[in-house]
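Asker: The following comprises the amino acid sequence and a computationally predicted model.
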Amino acid sequence: MFKNLNAGAIGIHSLPLPETIRLAQQSGFAGIDFDIREAEALASQHGIEFVRDLFARHNIQPGQWGLPVAWNQERWREDLADLPRLAELGAALGCRRTATWCPSWSESRDYAENYQWHLDRYRPIAEILRQHGCSFGIEFLGPKTLWTAHPYRFIHSLGEMMQLAADLGTGNVGLLLDAWHLYTSGDSLAVLDTLTAAAIVSVHINDAPAGIPVDELADTVRCLPLETGVIDLVGFMRKLAGLGYTGPVTTEPFNQRINALAAVDPLAAAQEVSQAMDRLWQASSLHS
């Protein structure tokens with residue numbers, strides 16, 4: 001496993017890829033999430049070796065690229081037409097992981113109808129990614145406060161998402177596994193024993209605010225790893241290590257204080273997140 005930076009997730013926005021890579025190096029990360037379309041633009045202008053060298057020179061791994069297909073919007077077929085080219089680039093850069101999220105609700109479709117709708121949208125994406133040796137992670141959303149606010153509930157647990165991955169049938173679909181969503185779904189860490197490392201495409205770690213019942217937690221209010229100890233992140237990380245997971249681990253705290261700091265001092269914000277992750281690695285007896 002390696003410490004991975006998603007700059008946008010900690011309030012650092014519109015930072016070009018070269019600067020994001022430098023920021024990750026300066027703040028002690030080993031990898032980053034990146035925009036594959038931005039990488040394509042740089043490769044078109046300077047060559048693919050230029051992009052490879054950006055990562056290599058700073059000893060930063062390309063952790064994962066955000067899925068460039070707006071599968072829940074009208075333009076999804078246009079995006080899908082671009083995916084083979086972009087997946088080929090990701091693979092050429094040594095990054096074969098991409099991921100998206102799945103809403104735990106619907107405004108208009110019941111569970112069965114929505115399940116088929118998602119199969120129809122996700123399967124062509126997964127098939128293209130498989131052709132280029134890429135894995136596709138899908139994140140389930142656990143908080144009860146999300147799905148109870150809508151007419152129809154949908155997938156909101158690990159088991160449901162793994163069933164969807166199996167039903168897609170392409171063999172390259174797994175989890176974007178977030179400790180926050182696992183906790184808020186009501187599952188225990190024991191459910192991780194049902195997984196293999198291959199089922200986990202990428203990982204997010206966050207803590208939860210203290211003093212709030214789990215069913216009342218709001219998805220947009222989270223804490224840095226080990227900040228409160230509400231979520232057993234040490235146990236979570238040890239489970240991942242036991243499974244043999246070796247991919248990116250990213251903090252996505254949605255934290256107003258960190259976001260405010262990032263607006264004035266991006267390096268300080270990145271360093272604080274990195275140091276919180278270091279404490280988790282140490283507490284979990286892992287090497288960062």
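Answerer: Alright, I've got the coordinates.

Asker: the strands in the stretch 51-200 of the chain, which residues?
Answerer: Assigned by DSSP state E, counting those that start in this stretch, the stretch 51-200 of the chain shows strands spanning 61-66, 97-101, 105-106, 135-139, 152-153, 173-178, 200-205.

Asker: now those strands as JSON lines including distance to residue 24?
Answerer: All C-beta spots, glycine's among them, are computed from the backbone N, C-alpha and C. Formatted as JSON lines, the strands of the stretch 51-200 of the chain follow (distance: least, Cβ to Cβ, whole Å):
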{"stretch": "strand 61-66", "distance to residue 24": "9"}
{"stretch": "strand 97-101", "distance to residue 24": "16"}
{"stretch": "strand 105-106", "distance to residue 24": "34"}
{"stretch": "strand 135-139", "distance to residue 24": "20"}
{"stretch": "strand 152-153", "distance to residue 24": "37"}
{"stretch": "strand 173-178", "distance to residue 24": "19"}
{"stretch": "strand 200-205", "distance to residue 24": "16"}
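
Asker: okay, those in CSV with mean pLDDT and distance to residue 16 next?
Answerer: Compiled in CSV, these are given as follows (pLDDT from 0 to 100; distance: least, Cβ to Cβ, whole Å):
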stretch, mean pLDDT, distance to residue 16
strand 61-66, 98, 15
strand 97-101, 98, 20
strand 105-106, 98, 35
strand 135-139, 98, 25
strand 152-153, 98, 40
strand 173-178, 98, 25
strand 200-205, 98, 22
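
Asker: Format the ones you listed as JSON lines; extra columns: distance to residue 227 and mean neighbour count.
Answerer: Conversion of these to JSON lines gives the following (distance: least, Cβ to Cβ, whole Å; neighbours: other Cβ atoms under 10 Å):
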{"stretch": "strand 61-66", "distance to residue 227": "23", "mean neighbour count": "23"}
{"stretch": "strand 97-101", "distance to residue 227": "23", "mean neighbour count": "21"}
{"stretch": "strand 105-106", "distance to residue 227": "28", "mean neighbour count": "18"}
{"stretch": "strand 135-139", "distance to residue 227": "21", "mean neighbour count": "23"}
{"stretch": "strand 152-153", "distance to residue 227": "30", "mean neighbour count": "16"}
{"stretch": "strand 173-178", "distance to residue 227": "16", "mean neighbour count": "24"}
{"stretch": "strand 200-205", "distance to residue 227": "11", "mean neighbour count": "24"}
